[in-house]
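1. sequence first, predicted model second:
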Amino acid sequence: MPICFRAKVYKQSCGTVYMKILVTGANGLLGSHIINQAAQDRKAEAVGTTRTGAGGFAKMDLGSAKEIRHAVSSFSPDVVINTAALTNVDYCEDHREEAWSINVEGTRALASECREIGAKLVHVSTDYVFDGNGGMYKETDETSPVQYYGKTKLEAEKAIVGSGIEYLIVRPAIIYGWGNGKLNYVTWVIDSLLKGQKIQIFDQYNSPTYAGSLAEALLKITDKTGLYHLAGPQRISRHEFAMKVAEAFGLDSSLIVQARDNSFAKAARPHDSSLDVSKAAEELGMRLHDIGQGLMAMQKGRL
Ligand SMILES: NC(=O)c1ccc[n+]([C@@H]2O[C@H](COP(=O)([O-])OP(=O)(O)OC[C@H]3O[C@@H](n4cnc5c(N)ncnc54)[C@H](OP(=O)(O)O)[C@@H]3O)[C@@H](O)[C@H]2O)c1
């Protein structure tokens, strides 16, 4: 019989590494890729949680300390990968209490339950912790979010660091890929162009991150600790990225229009929150898909 050990001790038996991973936000874009990838790797037993219990996953609302305690203590994972968050930037701007409760207090409660059972917390943060006045940010650069979503994500990082548990925090940026039916940047561009709709894109620079590549990387580095920028290797404007999506999928790029400002959005966006990913490459050996590879993986229809 395989034996499961708590935190840090991964027992090799019959060629299989037994590690129990709890993945929050299992029906989200990144969460669904992690669950899918873990099933393919078969190196860990991964169990997902969702806010409503939808999709046959365990129910765990980050707004409920009781549900967090119940999910963590009953599965008793070695590692919790927290992808769940209120991710709609404009919604967070208008619903600050809710955003704080889910993104900050929910993460704090999760860290506290991890401490109770000696589990490691792998937390997914964001490039929006930066103000975007610089670009190519390193992990040591000063954070200064320009909207409420970024503020909650930064406070969540601080709550984890202050909790005294063993943690790994990663910061990706515009995560894209096929996923949960909810549109992400790339599927929004594809969907709009397929419908013949004109799209206005404000020139914002980021480091697009392919969800499949990030999921694969996260499952490989659950034993690492600290803070890493874990994103695609390219700095690109959203407009240029949309043009590449149109080209890759043979869609009408004349529908893509550069907007003069982003006054149509409720929350401010950082102008250039591109990330320097050299620390993850050098220390972890992690190089995520570039845009060409990410879009090619999508063309192949790989989740
Ligand atoms: N998407 C990006 O461009 C991007 C960029 C940088 C960083 N990130 C970060 O990366 C992580 C994953 O992002 P993603 O793109 O996979 O986001 P996503 O598709 O929006 O998934 C987020 C998940 O969180 C869940 N969630 C929301 N409120 C919850 C609650 N109260 N309790 C439990 N679960 C709740 C959602 O479930 P429901 O759908 O049921 O509400 C959803 O499954 C997030 O932490 C995000 O902040 C994302």
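-> That came through fine.
2. flag every buried residue along the helix or strand where Leu218 lies.
-> In the assignment (DSSP states H and E), Leu218 maps to helix 211-220. By 16 or more other C-beta atoms under 10 Å, the buried positions in helix 211-220 come out as Ala211, Gly212, Ser213, Leu214, Ala215, Glu216, Ala217, Leu218, Leu219. (C-beta placed from N, C-alpha, C; glycine too.)
3. now do stretch 153-164
-> By 16+ other C-beta under 10 Å, the buried positions in stretch 153-164 come out as Lys153, Leu154, Glu155, Ala156, Glu157, Ala159, Ile160, Ser163.
4. what is the nearest of those to Asn262?
-> Lys153 (19.3 Å; C-beta to C-beta).
5. mind checking how far Val95 is from Tyr148?
-> Quick fix: residue 95 reads His, not Val. Going from His95 to Tyr148 by C-beta to C-beta, to the nearest Å gives 9 Å.
6. right, I mislabeled it, should have said Pro208
-> For Pro208, the distance to Tyr148 equals 23 Å [C-beta to C-beta].
7. between those two, who's got more neighbours?
-> Ranked by neighbour count (other C-beta atoms under 10 Å), Pro208 and Tyr148 place Pro208 first, with 28 against 23.
8. sorry, back to before: adding pLDDT and distance to the ligand, write the buried residues of helix 211-220 out as TSV.
-> Putting these into TSV (pLDDT from 0 to 100; distance: C-beta to the nearest ligand atom, whole Å) gives the following:
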residue	pLDDT	distance to the ligand
Ala211	98	7
Gly212	97	12
Ser213	97	13
Leu214	98	9
Ala215	98	10
Glu216	97	15
Ala217	98	13
Leu218	98	11
Leu219	97	15
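9. farthest pair within the residues you listed?
-> Across these, the longest distance by C-beta to C-beta is 12.7 Å; it joins Ala211 and Leu219.
10. chain center to the longest helix seen in the chain, what's the gap?
-> For the chain, the longest helix by residue count, based on DSSP state H, is helix 148-163. Counting by C-alpha atoms, centre = their mean, to the nearest Å, helix 148-163 is centred 14 Å from the centre of its parent chain.
11. swap in stretch 286-303?
-> Its chain's average C-alpha position is 16 Å from that of stretch 286-303, according to C-alpha atoms, centre = their mean.
12. buried stuff in that stretch?
-> Met286, Leu288, His289, Asp290, Ile291, Gly294, Leu295, Ala297, Met298, Leu303.
13. show me what the longest helix of the chain is packed against.
-> In this structure, helix 148-163 packs against helix 89-94, helix 96-99, helix 106-117, strand 120-124, strand 167-171, with contacts taken as 3 or more C-beta pairs under 8 Å, 6 or more residues apart in numbering; DSSP states H and E.
14. hmm, who's touching the shortest one?
-> Spelled out, it's helix 96-99. With contacts defined as C-beta atoms under 8 Å, 6 or more residues apart in numbering, helix 96-99 is touched by Gly63, Leu86, Tyr91, Cys92, Tyr148, Tyr149, Thr152.
15. good, we can wrap up now.
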